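S.K.: Structure for the following, please:
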Amino acid sequence: MPAIISTTRQLTSSPTSISELNFRSENIVIDSVPVTGKIDLIVTDEAAKTITVYDYKTTAYDSKKTWKNNSTLWKYAKQLGFYKLLLENSPKYAKYKVISAQILHTEPDAYGALTARTYDYPPADEAELKSLIQTVYKHITELNFPDIPPDADRKLKNIQEFIATL
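M.R.: Numbers count the residues shown, from 1 in each chain. Coordinates of the predicted model:
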């Protein structure tokens, strides 16, 4: 745990870092959908007008898992993509470019090291996420909630099939 505390201290001591960034009062709308959220940490580069997003996860890094083959990482990628959309549609941060995100794993890996995983925001992911936001919002406003069996398998393939049925 001391390593994650040291890493967090380094990141948060920067004058351009903001912890627990809450968008509740910004009234952000993405493609006619009102959205809000809270980001663990961002670090801005004022000269370059860029932002790096940091999100803490209480899991260990596993190099065998990727953003595209693991359901947990796939969901993390959606979360990080959502954070990018929040920042880019925020009146306060619209002039910045979100360049990457880091998942900071707070549990040591198999070798005892704390590791970060970088997400670089593939353009296709953004279009897919915007479509998902609109679809979910439509279901919410129409009070049309699909049934999900309580014992539903949470494998990535099944999650993606469920989304395709929305």
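
S.K.: and K78, what is it in contact with?
M.R.: Neighbour list for K78: L129, L132 [criterion: CB atoms under 8 Å, 6 or more residues apart in numbering]. Using the backbone N, CA and C atoms, a C-beta is placed for each residue, glycine as well.

S.K.: please renumber so the chain begins at 269
M.R.: Sure, I'll start counting at 269 from here, so that last one is K346.

S.K.: and it, how far is that from V321?
M.R.: Using CB to CB, to the nearest Å, K346 is found at 13 Å from V321.

S.K.: Could you find the closest non-adjacent residue to N337?
M.R.: L424 (7.0 Å; CB to CB, 6 or more residues apart in numbering).

S.K.: For the one you found, what are phi and psi?
M.R.: phi -50, psi -40 (degrees, to the nearest 10).

S.K.: Tell me which residues touch it, please.
M.R.: N337, N338, S339, W342.

S.K.: which residues touch the third one?
M.R.: Think S339. Listed by CB under 8 Å, 6+ apart, the contact set of S339 reads R422, K423, L424, I427.

S.K.: Surely the last one and W342 touch.
M.R.: Yes: I427 lies in contact with W342 (CB atoms under 8 Å); the separation is 7.2 Å.

S.K.: now stretch 376-387: mean pLDDT?
M.R.: The pLDDT scores in stretch 376-387 average 80.

S.K.: who's in contact with that stretch?
M.R.: 271-272, 275, 328-331, 335, 341, 344-345, 348, 368-375.

S.K.: Among the residues you listed, name the buried ones.
M.R.: 272, 275, 329, 335, 341, 344-345, 348, 369-374 (16 or more other CB atoms under 10 Å).

S.K.: next helix or strand past the lowest-mean-pLDDT helix or strand in the chain?
M.R.: Among the helices and strands of the chain, helix 270-280 carries the lowest confidence by mean pLDDT, DSSP states H and E, at a mean of 63. On the C-terminal side of helix 270-280, the closest following helix or strand by DSSP states H and E is strand 285-290.
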